[in-house]
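# need the 3D shape of this:
(one chain, ligands or ions: 1)
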Amino acid sequence: MRVLVGVKRVIDFAVKVRVKPDKTSVVTDNVPHSMNPFDEIALEEAVKLKEANHAKEIVAFSLGPAKNQEILRTALAKGADKAIHLEVDDATYQKVEPFHVAQAIAKLAKDEKFDLVFLGKQAIDDDANQTGQLVAGFLNWPQATFASKVETEGTSHLKVTREIDGGLETIKVKLPAVLTADLRLNEPRYATLPNIMKAKKKPIDKKTPKDLGLDLTSQTEVLEVSEPPTRKGGEFVEDVPTLVKKLKEKGAL
Ligand code: AMP
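This is a model prediction of the structure:
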């Protein structure tokens, strides 16, 4: 099985994101970035499939500016065999949408005959939760999103447990398929120093949107980006009747 893993460079989850004064987007200059946490989980699961001899090759893919190479090097250090960087400049990347990313991934998956596309369930910057579903739609492949457990069933199927609103759902999908990783799927490993060194020699194949016949015309327009409303502080009450009274006053009961 050959696995294509999508890894997005996002503002690090520990950073307090700030909106630009002109409200067009968020501040990214001089802000620490890292691999989207759900993509680390997808990559870890792909590495486990390889360690169990179910996957032969893992290719990490990232669409974005030159800095995305850092994320790809991290993916290579964590177990990807090679990487594909679809490079666009910063201005172009501002306008890239899940629709475009999904088109690029679908084209690669088809052209390079991958058996499994493994993505994060969502990118923590846009919170779109669209790319995996779109890839499956473009390819007409089965999809198992929000995966919290992945098991192989012979060489042709995967048994996937999914986190859904009411609990867990287990489905069987035929390969080739698209999977998206949820939080509880695994705990990603850290890259070791020897593996970081080895990753420097692994290949990163650079591609352009033209190579993939990708049309980056916008499908959506961002009208405004704003901060979430600031949360008001909590209040301690003496007893339950006071709590009920307060909740009634606020219309919560
Ligand atoms: P989204 O639909 O934007 O929430 O992203 C879902 C998943 O798609 C992410 O967790 C990544 O695995 C993948 N993805 C999104 N954007 C990119 C990108 N620019 N490069 C590589 N993979 C991406």
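# now stretch 223-239: average pLDDT?
Mean pLDDT, stretch 223-239: 90.
# gap between it and the chain center?
Relative to the mean C-alpha coordinate of its chain, stretch 223-239 is positioned 28 Å out (C-alpha atoms, centre = their mean, to the nearest Å).
# for this structure, what spans make up the helices?
37-51, 68-77, 90-94, 98-111, 131-139, 193-199, 240-249 (DSSP state H).
# CSV for those, including mean neighbour count?
All C-beta atoms are positioned from the backbone trio N, CA, C, and that covers glycine. As requested, these are arranged in CSV below (neighbours: other C-beta atoms under 10 Å):
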stretch, mean neighbour count
helix 37-51, 22
helix 68-77, 22
helix 90-94, 13
helix 98-111, 21
helix 131-139, 22
helix 193-199, 13
helix 240-249, 11
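# of these, which is nearest Val3?
Of all the helices of the chain, the one in closest proximity to Val3, counting by C-beta to C-beta, is helix 37-51 (4.5 Å).
# can that closest one be found next to the ligand?
Yes: interface with the ligand: helix 37-51 contributes 38-39 (C-beta under 6 Å from any ligand atom).
# and if you look at stretch 116-132?
Yes: using C-beta under 6 Å from any ligand atom, stretch 116-132 reaches the ligand at 119-120, 122-123, 126, 128-132.
# among these, which are located in strands?
Taking DSSP state E as the definition of strands, the residues of stretch 116-132 next to the ligand contribute 119-120.
# just the residues of stretch 116-132 next to the ligand now: which is nearest Lys172?
Comparing these against Lys172 with C-beta to C-beta picks out Gly132 as the nearest, at 17.7 Å.
# that closest one contacts Gln143, doesn't it?
Yes: under the criterion of C-beta atoms under 8 Å, Gly132 makes contact with Gln143 at 6.3 Å.
# list the contacts of the nearest residue to Asn186 once chain neighbours are set aside.
The spatially closest residue to Asn186, leaving aside those adjacent along the chain, is Glu44, at 4.9 Å (C-beta to C-beta, 6 or more residues apart in numbering). For Glu44, the contacting residues are 78-79, 185-189, by C-beta atoms under 8 Å, 6 or more residues apart in numbering.
# per-residue pLDDT of Ile171, please?
According to the model's per-residue confidence, Ile171 sits at a pLDDT of 98.
# just to check, it is in contact with Arg162?
Yes: using C-beta under 8 Å, Ile171 makes contact with Arg162 at a distance of 6.6 Å.
# which of the two has more residues huddled nearby?
Remark: of Ile171 and Arg162, Arg162 carries more neighbours, 19 against 13, as counted by other C-beta atoms under 10 Å.
# and the more buried one, how far from the ligand?
Using C-beta to the nearest ligand atom, to the nearest Å, one obtains 16 Å as the distance from Arg162 to the ligand.
# give the contact list for that residue.
Listed by C-beta under 8 Å, 6+ apart, the contact partners of Arg162 are 144-148, 168-171, 182.
# returning to what we had before: overlap in contacts of Gly132 and Gln143?
Counting by C-beta under 8 Å, 6+ apart, the contacts common to Gly132 and Gln143 are 178-180.
# check what pLDDT the residue nearest to Asn186 gets.
Among the per-residue scores, Glu44 shows a pLDDT of 98.
# can you check the one 3 residues further on too?
What the model reports as pLDDT for Val47 is 98.
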